[in-house]
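Asker: model this:
(one chain, ligands or ions: 1)
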Amino acid sequence: TPRRIAFIGLGIMGSPMAANLVKAGHTVTGFNLVQAPIDKLIADGGKGASSIAEAVKDAEIVITMVPADPQVEAVYFGEEGVLDNAPAGALLIDMSSVTPQISQRVAAAAKEKGLRSIDAPVSGGEAGAIEGVLSIMVGGERADFDEAEPVLKALGTTVALVGPSGSGQTVKVANQLIVAVNIQACAEAVVFLEKSGVDLEVALDVLNGGLAGSTVLTRKKNNFLKRDFAPGFRLDLHHKDMGNLLSAARAVEVPLPTAALVADFITAMRNAGDGGLDHSALLRNLERLSGK
Ligand code: NAD
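Answerer: Sure, this is the predicted structure:
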């Protein structure tokens, strides 16, 4: 059934996600800090709003897709924010990658206001968002998941309830651990193979056919080959996720030595002014370290 959806945060991910919801037949009203993606949503058949309050006022479902905890804080708890303006009974779905703590705070505050809230961060990148094939990990109550699922199916192919509020974020930081370490491993292989005089593209293709193959290697192969580091997924965002990962791991006293090392490389890249590059640019860091 078509739903009335407010979509807050039309960035690299949110913009194509909102377009897919329109395509699926939903009424989508978008709000974003920058106007251009709102105009694009309208051109795609959606509606635009000039504030969060206006976007959510008639919504049955509110989806948010903003960078990090401070933006989730502002969008939900701020003056003119979602919590003060969403109509009673609305289902709030935060798809941003943030800490489990803020997801739980939003869920508790929503409950107090007669609203419902789930965390539903995603994996699959810009390409996955455009194609509507994201993997979506949901934390919250079963009944709310059941209501959200048909809507989320317009955005992703793998949609799963992984536990109570905040659990989606726990699974998402594990995703970011695997992706970061995988990119670092691929980057190390690229530098090594090239320096050894092997045909890099042929080598990466044959590696991808075996146990070393991965979604990272498939999706980032051209970034590695061409040194094309336009985002995609910015190192700044991955830095935020690695911080969230390491503090979540500390809370359960689990050492993550390899993740911690790659997190430090990401920090070094930010310090070198490369935080705006795609995370495949970990290759650039390694090339610097190897004197290239
Ligand atoms: P982005 O910076 O491209 O987009 C964020 C958008 O939020 C911007 O358009 C910004 O204007 C908007 N925004 C910020 N504060 C706002 C506010 N107060 N009110 C309204 N809009 C506001 O980032 P992105 O790449 O789309 O990432 C969004 C989230 O998705 C992040 O948490 C990121 O970690 C996660 N994510 C990104 C990718 C990726 O490949 N880019 C993949 C998976 C998950």
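
Asker: what's the longest strand in the chain?
Answerer: Longest among the strand segments of the chain by residue count, using DSSP state E, is strand 156-163.

Asker: what's around residue 140, how many residues?
Answerer: The local packing of residue 140 (other C-beta atoms under 10 Å) involves 27 other residues. Where C-beta positions appear, they are placed from N, C-alpha and C, glycine not excepted.

Asker: so the residue nearest to it when sequence neighbours are not counted: helix, strand or coil?
Answerer: Leaving aside its chain neighbours, residue 140 sits nearest to residue 118 (3.2 Å; criterion: C-beta to C-beta, 6 or more residues apart in numbering). Following DSSP: H, G, I helix; E, B strand; the rest coil, the label given to residue 118 is strand.

Asker: check what pLDDT residue 270 gets.
Answerer: Here the pLDDT value assigned to residue 270 is 97.

Asker: spit out the contact partners of it.
Answerer: By C-beta atoms under 8 Å, 6 or more residues apart in numbering, residue 270 lies in contact with 235-236, 239.

Asker: between those, which sits nearest the ligand?
Answerer: For the contacts of residue 270, the closest approach to the ligand (C-beta to the nearest ligand atom) belongs to residue 236, at 8.8 Å.

Asker: now the closest one: which helix or strand?
Answerer: helix 235-251 (DSSP states H and E).

Asker: near the ligand at all, that helix?
Answerer: Yes: using C-beta under 6 Å from any ligand atom, helix 235-251 reaches the ligand at residue 237.

Asker: check stretch 72-80 too.
Answerer: Yes: interface with the ligand: stretch 72-80 contributes 74-75 (C-beta under 6 Å from any ligand atom).

Asker: list the buried residues in that stretch.
Answerer: Going by neighbour count (16 or more other C-beta atoms under 10 Å), the buried part of stretch 72-80 is 72-73, 75-76.

Asker: residues in contact with it?
Answerer: Stretch 72-80 has contacts (C-beta under 8 Å, 6+ apart) with 8-9, 51-53, 64, 66, 81-83, 92, 94, 96, 98, 102, 106, 109.

Asker: how close does the residue of the chain found nearest the ligand sit to residue 242?
Answerer: Closest contact between the chain and the ligand, by C-beta to the nearest ligand atom, is at residue 11 (1.7 Å). According to C-beta to C-beta, to the nearest Å, residue 11 and residue 242 sit 20 Å apart.

Asker: quick one: which of the two has more around it?
Answerer: Taking neighbours as other C-beta under 10 Å, residue 11 and residue 242 compare with residue 242 leading, 24 against 18.
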